[in-house]
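1. Here is my input, please return the structure:
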Amino acid sequence: MDDRRAYELYPHHRKWFNKLWFSESMQYNCGPSGTFPNVDGWYIVRPIMNLSGMSVGARKQYISAYDKTQVEPGYFWCEWFEDVQYSVTYKNVNGKWVQSSCWRADRNCDQLYKFKRWFRYDHQIFSLPKFFDELLDLDLINVEFVGKNPIEVHLRESPDPKYDEFIPVWKGEKELVDKYKRMGYSYTESYDDADGFLKQPRVGFLVK
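-> Down below sits the predicted model:
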């Protein structure tokens with residue numbers, strides 16, 4: 001299932017696709033286009049809602065205090081968390097969210113969509129705030145964290161391969177396939193261009 005399908009299936013939970021609403025609910029320092037931060041610094045800027053996935057439009061950006069010209073309409077700014085990113089899936093077990101899997105990212109902060117690698121990291125346990133209980137009519141959810149900070153929620157399981165390690169391969173990088181195959185990795189095709197909005201599509205994964 002992708003986010004578009006989840007949006008169709010769960011109309012009563014559509015506010016959870018709104019990343020600005022979610023950031024405000026988490027009491028992060030954030031605001032929509034037309035507002036501004038009160039402190040100079042690095043922020044993440046991204047679409048308020050994105051059903052195409054792949055972090056399309058997200059970027060790390062320096063914004064000066066009181067400057068409302070740096071974020072385009074339909075986007076929002078939020079405080080930047082300088083930490084490791086994780087993807088955590090939870091299952092509904094007897095009315096409680098129980099963590100079932102966790103992957104740790106090696107992310108590229110210059111190109112936020114272009115993750116370098118993911119590692120299985122199941123020994124790291126992440127607790128969810130109480131207000132996630134609103135989603136307990138679902139069987140499972142996937143939550144993205146940076147450090148201990150939830151940054152977005154998916155009302156479906158992670159679509160990524162279920163291996164101990166997987167490396168996204170991007171268009172123009174297929175020369176990496178033979179190199180990593182010699183290191184014991186296998187290659188699986190998995191094309192995603194985020195509905196044509198991703199300039200450099202993902203063409204597959206190297207898995208191990």
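
2. In the lowest-mean-pLDDT helix or strand in the chain, which residues are buried?
-> Within the chain, no helix or strand scores below helix 175-181, which has a mean of 89 by mean pLDDT, DSSP states H and E. Neighbour-count burial for helix 175-181 flags 177, 180 (criterion: 16 or more other Cβ atoms under 10 Å). All C-beta atoms are positioned from the backbone trio N, CA, C, and that covers glycine.

3. Stretch 53-72 too?
-> By 16+ other Cβ under 10 Å, the buried positions in stretch 53-72 come out as 53-58, 63, 70-71.

4. okay, that stretch in PDB with CA atoms only?
-> Output in PDB follows, covering the C-alpha atoms of stretch 53-72 (Å, rounded to 0.1, in the frame of the first residue of the first chain):
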ATOM      1  CA  GLY A  53       6.400  10.000  -1.400                       C
ATOM      2  CA  MET A  54      10.200   9.900  -1.700                       C
ATOM      3  CA  SER A  55      10.600  13.200   0.300                       C
ATOM      4  CA  VAL A  56       9.800  15.200  -2.900                       C
ATOM      5  CA  GLY A  57      10.400  18.900  -2.300                       C
ATOM      6  CA  ALA A  58      12.000  18.500   1.100                       C
ATOM      7  CA  ARG A  59      15.200  20.400   1.700                       C
ATOM      8  CA  LYS A  60      17.500  21.700   4.500                       C
ATOM      9  CA  GLN A  61      17.500  25.500   4.300                       C
ATOM     10  CA  TYR A  62      19.000  28.400   6.300                       C
ATOM     11  CA  ILE A  63      16.400  30.900   7.100                       C
ATOM     12  CA  SER A  64      17.000  34.300   8.700                       C
ATOM     13  CA  ALA A  65      14.800  35.400  11.500                       C
ATOM     14  CA  TYR A  66      11.600  37.300  10.400                       C
ATOM     15  CA  ASP A  67      12.200  36.500   6.700                       C
ATOM     16  CA  LYS A  68       8.900  35.300   5.300                       C
ATOM     17  CA  THR A  69      10.200  35.200   1.700                       C
ATOM     18  CA  GLN A  70      12.100  31.900   1.800                       C
ATOM     19  CA  VAL A  71       9.200  29.400   1.900                       C
ATOM     20  CA  GLU A  72       6.900  29.100  -1.100                       C
END
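
5. Following element in sequence after the lengthiest strand in the chain, please.
-> For the chain, the strand that runs over the most residues, judged by DSSP state E, is strand 96-106. Once the chain leaves strand 96-106, the next helix or strand it forms, by DSSP states H and E, is strand 117-120.

6. May I have the residues that are in contact with the nearest residue to Gly95 once chain neighbours are set aside?
-> Nearest non-adjacent residue to Gly95, counting by Cβ to Cβ, 6 or more residues apart in numbering: Leu136, 5.8 Å away. Contact analysis of Leu136 by Cβ atoms under 8 Å, 6 or more residues apart in numbering lists 92, 95-97.

7. ok so, going back, identify each buried residue in the helix or strand just after the least confident helix or strand of the chain, please.
-> For helix 175-181, the succeeding helix or strand toward the C-terminus, using DSSP H and E, is strand 186-192. Residues of strand 186-192 classed as buried: 187, 190, 192 (neighbour count, 16+ other Cβ under 10 Å).
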